[in-house]
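**Student:** got a predicted structure plus its sequence, pasted below:
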Amino acid sequence: MAEQGTTTGAASGPAAAEPAARRRAALTREAILEAAMRLCSPEGGGVLTFSRLGKELGADPTAVYRHFRDKDDLVLALTEKLIDEAVRLASATEPAPDQWREWLALTARTIRRVHLARPALAVLAAVRTTASPSETERVEEIIGVLHRAGLPPIEAAECYRMLLDLTLAFTQASAAFMILEPEVQAKDDAAWAVKYGLLPADRFPLLHAGSARLTELFRSDDEVFELVLQTFLDGIALRIERARQAD
């Protein structure tokens, strides 16, 4: 019996070690990034830590440091993946070269879409800059669209920057709300629906008149974003018209 036990123990050691060895061998930079992207999605829990990343990969969290110096290095790499995905999605449905408004709207919507799919990452990535090849090429492309529409290069670059900041700032705010605990979200919802809705009309006549619409918009960041985006694009249209008249 002792012999059998010794044999079994000897067999289980290497057998147990093999999967771990395979995991270590498969722990590539890309595998880590894909796991981190999953964790940053609502389905993945929406929290990015090296501890959770290690569990997701089935590896010791310290193994991640072989590919990334620290969490900031990881966030920058994840930001680059978001940018690549946004560029890829936008490139699949590019408008005609002369449709500057559609180009800018598509750029803004795809940036927002890929970030909000991973709200925990969006909060971190929205303020970062990677200057990746796909990002710089896309920036050049959009500035070119605005330049062909009639804006001088410097003004075209300014308008692109405004579009990017507007989109990322609004998206970051949406993402920050999405990762709040449900009970905290409910408190804010109640503040709009109840507290603002019950304000006396004699003291706050305009706010009272618009309270129902404000409550609707509170529940729909996407609708508010579209309102902001279209207002911004109207402003760009005025700039283009002014530039054309100056020529």
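**Tutor:** Sure, I can see it. Residues are numbered from 1 along each chain as shown.

**Student:** center of this protein - which residue?
**Tutor:** Geometric centre of the chain, nearest residue: His115, 1.5 Å, by C-alpha atoms, centre = their mean.

**Student:** now do the same contact list for that residue.
**Tutor:** Counting by C-beta atoms under 8 Å, 6 or more residues apart in numbering, His115 touches Leu82, Leu121, Ala122, Ala125, Ala126, Leu168, Thr171, Gln172, Ala175. Where you see a C-beta, it was placed from the backbone N, CA and C, and this is true even at glycine.

**Student:** list the contacts of the last one.
**Tutor:** Under the criterion of C-beta under 8 Å, 6+ apart, the contact list for Ala175 reads His115, Leu116, Pro119, Ala120, Ala122, Val123, Ala126.

**Student:** can you give the distance of the helix or strand hosting it from its chain's centre?
**Tutor:** Using DSSP states H and E, Ala175 sits in helix 153-178. Mean-position distance between helix 153-178 and its chain equals 12 Å (C-alpha atoms, centre = their mean, to the nearest Å).

**Student:** just for the protein, where's the confidence low?
**Tutor:** Along the chain, the model assigns pLDDT under 70 to residues 1-26.

**Student:** can you give me the helices for it?
**Tutor:** Assigned by DSSP state H, the chain shows helices spanning 2-26, 29-39, 50-57, 71-92, 100-116, 119-125, 133-149, 153-178, 182-190, 205-218, 221-246.

**Student:** out of the ones you listed, flag the one nearest Tyr65.
**Tutor:** The closest of the helices of the chain to Tyr65 is helix 50-57. By C-beta to C-beta, the value is 8.1 Å.

**Student:** in terms of secondary structure, what does the closest one contact?
**Tutor:** helix 29-39 (3 or more C-beta pairs under 8 Å, 6 or more residues apart in numbering; DSSP states H and E).

**Student:** what angle separates the helix it packs on from helix 50-57?
**Tutor:** 110 degrees (axes from the mean of the first three to the mean of the last three C-alpha atoms, to 10 degrees).

**Student:** so Leu57 touches Leu33, yeah?
**Tutor:** No: taking contacts as C-beta atoms under 8 Å, Leu57 lies outside contact range of Leu33: 10.9 Å.

**Student:** the more surrounded of the two?
**Tutor:** The neighbour count for Leu57 versus Leu33, taken as other C-beta atoms under 10 Å, is higher for Leu57 (20 against 17).

**Student:** domain parsing of the chain, as residue ranges.
**Tutor:** 16-68, 93-246 (automatic domain parsing).

**Student:** what about the first one, distance to the chain center?
**Tutor:** Computed by C-alpha atoms, centre = their mean, the separation of domain 16-68 from the middle of its chain amounts to 20 Å.
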